[in-house]
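Chemist: The sequence and its predicted three-dimensional model are supplied below.
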Amino acid sequence: MDTLFIKNMVCNRCIMVVQNELDKLGLKVKKIKLGEVTLDNELTPEEKDQLHNVLVPLGFEVIDDKKSRIIEKIKNVIIDLVHHQDNGIKNNLSDVLSDKLHHDYNYLSNLFSEIEGTTIEKYFIAQKIEKVKELLVYDELSLSEIAFRLNYSSVAYLSNQFKKVTGLTPSYFKQIKEDKRKPLDKL
């Protein structure tokens, strides 16, 4: 059995693409989830090269070092919380990350800041704002419903944070409906 950590797997489509490439290479997948693939067998050096050659052009990369794997896991937990769970985070983000990654939050926070050049909190806020943009563009929920769904304490707090990050109010953003969204792997 071999577990691979793959950078930039941020959505279900990414999982499908990686699964497809692994299938084409004849590699037997035991389990696949955001940022992580468990194979039935250890990869040979040739298979590692082949995998690298097909994943990199698609924007993915196998991560070898421990610190980068932890960073990718932090990002995947945050992406999952914000983008794949309705009204997801009930606890402090620090508690969620510590529990899921089995490390002290101070260690995770310092490592993330050192490697990424930003804080976990700023990354989390950036993800939430991207989700707000997505929901505003879909135009199916009111701002108060969006605030509730993303666990903002109030619409005013959501609006202030949105304006601070984007320079626009949510209502103005909704009016212009320009595609101001960034791909998740570019945040």
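Modeler: Structure's in. What do you need? Computed from a prediction, not measured in an experiment: that's the story for all the values here.
Chemist: C-alpha from now on. contacts and neighbour counts both.
Modeler: Fine.
Chemist: so where is this structure shaky, pLDDT-wise?
Modeler: 86-90, 177-187 (pLDDT under 70).
Chemist: what are the ranges of the helices in it?
Modeler: Using DSSP state H, the helices of the chain run over 12-24, 45-55, 66-84, 93-101, 105-116, 120-138, 143-149, 155-166, 170-176.
Chemist: elements contacting the second one?
Modeler: Just to be clear, that refers to helix 45-55. Identification of packing neighbours for helix 45-55 by 3 or more Cα pairs under 8 Å, 6 or more residues apart in numbering; DSSP states H and E yields helix 12-24, strand 61-63.
Chemist: how about these, which one is nearest residue 85?
Modeler: Nearest to residue 85, of all the helices and strands packed on helix 45-55, is helix 12-24, at 13.1 Å by Cα to Cα.
Chemist: And the closest one, what's buried?
Modeler: 14, 15, 18, 19, 22 (16 or more other Cα atoms under 10 Å).
Chemist: Using CSV, write out the CA atom coordinates for that helix.
Modeler: This file holds the C-alpha atoms of helix 12-24, laid out as CSV (Å, rounded to 0.1, in the frame of the first residue of the first chain):
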residue,chain,number,x,y,z
ASN,A,12,-14.7,16.6,-6.8
ARG,A,13,-13.7,17.3,-10.4
CYS,A,14,-10.1,17.2,-9.3
ILE,A,15,-10.7,13.8,-7.7
MET,A,16,-12.3,12.6,-11.0
VAL,A,17,-9.4,13.8,-13.1
VAL,A,18,-6.7,12.3,-10.9
GLN,A,19,-8.7,9.0,-10.6
ASN,A,20,-8.9,8.9,-14.4
GLU,A,21,-5.2,9.5,-14.9
LEU,A,22,-4.4,6.8,-12.3
ASP,A,23,-6.7,4.4,-14.1
LYS,A,24,-5.1,5.1,-17.5
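Chemist: Tell me how far it lies from the chain's centre.
Modeler: Counting by Cα atoms, centre = their mean, to the nearest Å, helix 12-24 is centred 17 Å from the centre of its parent chain.
Chemist: same for that helix, what does it pack against?
Modeler: strand 29-33, helix 45-55.
Chemist: Switch these over to TSV; also include distance to residue 102.
Modeler: Output for these, formatted as TSV (distance: least, Cα to Cα, whole Å):
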stretch	distance to residue 102
strand 29-33	18
helix 45-55	28
